[in-house]
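Novice: Could you look at this predicted model? Sequence included:
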Amino acid sequence: MAFAPTSPITGSAQTGLTTPTYTITADNPPDSNGKQYYVSALGGTQTGVSAHSVAAPFTVSMFRPKVLKTLAPVNPVTGVLRSVPMNSYKVITRKGVLPLAGQSYKTAHITSEISCPAGSDLADAISLRAMLSAHIGLLTQLSNELGNSVVTGTI
């Protein structure tokens, strides 16, 4: 799997975080079809943020399908594909957060799921790359605004 982030990860701009970085260390993934890293140290100014611990996990993971799906042959009469299965990949970030001061940590998570029609990796790889580029670019561009939305409940 090509999921091999370099450490440290440079965080994107967020109110209350100054030049945030996240040192990551390889971890055991919860399933054999994935890779996982935990945040072992923080950089920049991140007052009140904690690195990974048992009580407050801080991990980044990626999972691929356990069995990659392929295209079935086209219908010999119509020349049309009978069905197009999807291969789904997930990138998950988990962070222990306090729901209320003095209470136990609960785990918040972000899941990005990438579902690709089987065969598109060969027939239209550049469009898959463009889709990912636009999606990640949007998230990067709107990082602080997404933070504001999550904190205020507004869009």
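Specialist: Right, received. Where do you want to start?
Novice: Okay, and the residue of the chain most remote from its centre sits in which element?
Specialist: For the chain, the residue at maximal distance from the C-alpha centroid (Cα atoms, centre = their mean) is V77, at 41.9 Å. Using DSSP states H and E, V77 sits within no helix or strand.
Novice: how far away is it from M62?
Specialist: Look at V77 and M62: by Cβ to Cβ, to the nearest Å, they are 41 Å apart. Any C-beta I mention is one placed from the backbone N, CA and C, and that applies to glycine too.
Novice: next SSE after the stretch of helix or strand T93 belongs to?
Specialist: Assigned by DSSP H and E, T93 belongs to strand 86-97. Toward the C-terminus, strand 86-97 is succeeded by strand 106-117 as the next helix or strand (DSSP H and E).
Novice: so for the following helix or strand past that following strand, what's the average pLDDT?
Specialist: Counting by DSSP H and E, the next helix or strand C-terminal to strand 106-117 is helix 120-123. Predicted confidence along helix 120-123 averages 94 (mean pLDDT).
Novice: now swap in stretch 56-72 and tell me
Specialist: Averaged across stretch 56-72, the pLDDT comes to 95.
Novice: Please identify the buried residues of that stretch?
Specialist: 56-65, 69, 71 (16 or more other Cβ atoms under 10 Å).
Novice: Quick check: strands, which of the residues you listed are part of them?
Specialist: 58-63 (DSSP state E).
Novice: picking up where we left off before, make JSON lines from the buried residues of stretch 56-72 and add distance to P85 to it.
Specialist: Conversion of these to JSON lines gives the following (distance: Cβ to Cβ, whole Å):
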{"residue": "A56", "distance to P85": "38"}
{"residue": "P57", "distance to P85": "33"}
{"residue": "F58", "distance to P85": "34"}
{"residue": "T59", "distance to P85": "29"}
{"residue": "V60", "distance to P85": "27"}
{"residue": "S61", "distance to P85": "23"}
{"residue": "M62", "distance to P85": "20"}
{"residue": "F63", "distance to P85": "17"}
{"residue": "R64", "distance to P85": "14"}
{"residue": "P65", "distance to P85": "10"}
{"residue": "K69", "distance to P85": "4"}
{"residue": "L71", "distance to P85": "8"}
